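Novice: Need coordinates for the below:
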Amino acid sequence: MKQYFDPNMKNSYKTQKMLEETSSFETFVFETETEALIFERSCIAKYKPKCNVVLPTQATFPYICVEKNKNNLQISLKNKYKKNPNAIYYGPLVKGKEYKELIKYLIHLLKSKDGLIINKMSEEEVNNAFLKAKKILKFDTDFKNQLQNKIHFW
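Specialist: Now for the predicted structure:
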């Protein structure tokens, strides 16, 4: 950012035009460059700024996907985000991290009954589990409190 505000820097006319049209900006700090790139990519996709370079799409980042159909709930890792009213995506996630344990936990939390995984659920059970998944993946306060209570219990 520093180079944009340095009067000694003679960048292209595009830089000057961009500064004239900018009313404010925010800065974000991330622990890793990968996290910063993921955030930048999602902001570019969301806001479609006219002054930004579109990042290459070769690198994909995984998402946790909870997808419902009539009598089942699928919980998996997907490499692409697809708009679907019957699916919830959480991500993009940083590559190189292990998410299998989290997916196992979500499956246990959303699809088990008396310790057994239920593969055929009623439509009502699927809808309830899907709503619960939405709350979990949005870090709902109730879910955080439940986790905290379980942690203190053990």
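Novice: Now do the helix or strand that Glu35 is a member of: distance to the chain's middle.
Specialist: Taking DSSP states H and E as the criterion, the element that holds Glu35 is helix 33-47. Per CA atoms, centre = their mean, to the nearest Å, the displacement of helix 33-47 from the mean C-alpha position of its chain is 11 Å.
Novice: same question, stretch 25-42
Specialist: With CA atoms, centre = their mean as the basis, stretch 25-42 stands 13 Å off its chain's centre.
Novice: Numbering from 731 from now on, please.
Specialist: Happy to do that; since the first residue is 731 now, the last one works out to stretch 755-772.
Novice: First-to-last residue distance for it?
Specialist: In stretch 755-772, first residue to last residue: 16 Å (CA to CA, to the nearest Å).
Novice: Would you mind listing the buried residues in it?
Specialist: Neighbour counts over stretch 755-772 (16 or more other CB atoms under 10 Å) mark 767-768, 771 as buried. Where C-beta positions appear, they are placed from N, C-alpha and C, glycine not excepted.
Novice: Which residues are in contact with the spatially most central residue of the chain?
Specialist: For the chain, the residue sitting closest to the mean C-alpha position, by CA atoms, centre = their mean, is Gly821 at 2.2 Å. In this structure, Gly821 makes contact with 791-794, 811, judged by CB atoms under 8 Å, 6 or more residues apart in numbering.
Novice: can you list the buried residues of stretch 755-772 in TSV and add pLDDT?
Specialist: Conversion of the buried residues of stretch 755-772 to TSV gives the following (pLDDT from 0 to 100):
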residue	pLDDT
Leu767	81
Ile768	82
Arg771	81
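Novice: Counting neighbours, which bits of the following helix or strand past the helix holding Glu765 end up buried?
Specialist: As assigned by DSSP H and E, the chain's next helix or strand after helix 763-777 is strand 793-799. In terms of neighbour count (16+ other CB under 10 Å), strand 793-799 has its buried residues at 793-798.
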